[in-house]
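Student: 3D model of this:
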Amino acid sequence: MNKIYLYQFVLRIIPIIMLLLFTFNSVASEKWSMKDGEKTDRITNMEELMSLQPNPNVNINGIGIYVYDGMYSLDALGPHQIFKSAGLKTMLIAKNPGTITASNGLVIHVDKSIDEIDTLDILLIPGGATGTALQTIDQDVLNWIQRIDENSVYTTSVCTGAWILGATGLLKGKNASTHWYRAKEMMGKYGAKYTGKRWTRDGKYWTSAGVTGAMDLSLAMVNHLFGKQYTQAVMLDIEYDPAPPVVGGTPGKSDQTIATLMRDMYDFFMIKFVRCPPGTPGACLFD
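Tutor: Now for the predicted structure:
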């Protein structure tokens, strides 16, 4: 009889032990699988959600998004929306106060100029095409970016904004993402290694792929600053759940004829700039 009771006891206790082991392993796995810098504290109520502060605190000097004529509007406005949704101090900055006109004709009013801003916690540089190429030879802008970078927590670029960041010399020896167009050539020109990733972090430098990559980069930074749950709250706020109707968006995922035609179209406007010898980019823009 004792053996029967013991057998029945074992049958009852095994499911409890298995449940405890499963729970322990799940919690341990979640904790140990966290990436470097990702927050592990769990949010359990609205008060905790609303009171969470970024770490490091990038709201001291704030986030500045440098905007200019000819930039791709989503490169700047996508991050602006995400950072604002995350409760981060975010501003647009132009070379001069007034208005800038994006490549799609959108006119944006900008109150802050580079002469007014000496310190930022995060600087973000959007991309474009010809307008971006012009920024790479504007020494006033390049000097300002270098000054901001001296004290920034993070310096970032989106799309071909990596051309501008590269022109400052700050990406030399770094891994970087950028728009797919002639990416290896362009990053090589500035001494950087093109990763081909949606976004790349190398030390304090964060860079992203083209246009829509700006949103993934921004969410990656929010995740770094606040953690997974807070990032999910931001994603819910803007209902970020991409579901494109077709597979594409990169040369490797697109029909190869289309990929070639798109590259050729960019070449028509930009190949002279891409192939311009290092140190003399201005001579190649319009000849």
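
Student: Check which element follows the strand or helix carrying Ile145 along the chain.
Tutor: If you go by DSSP states H and E, Ile145 is part of helix 139-151. Following helix 139-151 in sequence order, the next helix or strand is strand 154-157 (DSSP H and E).

Student: Packing partners of that next one?
Tutor: strand 122-125, helix 139-151, helix 161-167, strand 205-208, helix 213-226 (3 or more Cβ pairs under 8 Å, 6 or more residues apart in numbering; DSSP states H and E). No exception for glycine: its C-beta is placed from N, CA and C like everyone else's.

Student: okay if I get those as TSV plus mean pLDDT?
Tutor: Listed next are those as TSV, based on pLDDT from 0 to 100:
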stretch	mean pLDDT
strand 122-125	99
helix 139-151	98
helix 161-167	97
strand 205-208	98
helix 213-226	98
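
Student: Quick one: closest of those to Thr44.
Tutor: helix 213-226 (15.1 Å; Cβ to Cβ).

Student: Excluding residues flanking it in the chain, which one is nearest Asn175?
Tutor: Spatial nearest neighbour of Asn175, chain neighbours left out: Asp202 (4.5 Å); criterion: Cβ to Cβ, 6 or more residues apart in numbering.

Student: do Asp140 as well
Tutor: Using Cβ to Cβ, 6+ apart, the closest residue to Asp140 is Lys95 (6.9 Å).

Student: Assess the claim that that neighbour and Ser113 are in contact.
Tutor: Yes. Lys95 lies in contact with Ser113 (Cβ atoms under 8 Å); the separation is 6.6 Å.

Student: Just want to know which of those two has more residues nearby.
Tutor: Neighbours were counted for Lys95 and for Ser113 using other Cβ atoms under 10 Å; Lys95 has more, 19 against 14.

Student: who touches that one in this structure?
Tutor: Each residue near Lys95 by Cβ atoms under 8 Å, 6 or more residues apart in numbering is listed here: 68, 113-114, 138, 140-141.

Student: Tell me how far the most centrally placed residue in the chain lies from Asn223.
Tutor: In the chain, the centroid-proximal residue (Cα atoms, centre = their mean) is Leu217; its distance is 2.2 Å. Remark: distance between Leu217 and Asn223 (Cβ to Cβ, to the nearest Å) = 11 Å.

Student: hey, what's in contact with both of those two?
Tutor: Common neighbours of Leu217 and Asn223 (Cβ under 8 Å, 6+ apart) do not exist.

Student: Can you say which of the helices and strands packed on strand 154-157 is nearest to Val274?
Tutor: Closest of the helices and strands packed on strand 154-157 to Val274 is helix 161-167, at 9.5 Å (criterion: Cβ to Cβ).

Student: how about the strands in this protein?
Tutor: 63-66, 90-94, 98-101, 107-110, 112-113, 122-125, 154-157, 175-176, 193-194, 199-202, 205-208 (DSSP state E).

Student: what would these look like in a markdown table with distance to Arg263?
Tutor: Shown next, in a markdown table, are the strands of the chain (distance: least, Cβ to Cβ, whole Å):
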| stretch | distance to Arg263 |
| --- | --- |
| strand 63-66 | 27 |
| strand 90-94 | 31 |
| strand 98-101 | 26 |
| strand 107-110 | 29 |
| strand 112-113 | 36 |
| strand 122-125 | 23 |
| strand 154-157 | 21 |
| strand 175-176 | 20 |
| strand 193-194 | 15 |
| strand 199-202 | 22 |
| strand 205-208 | 20 |
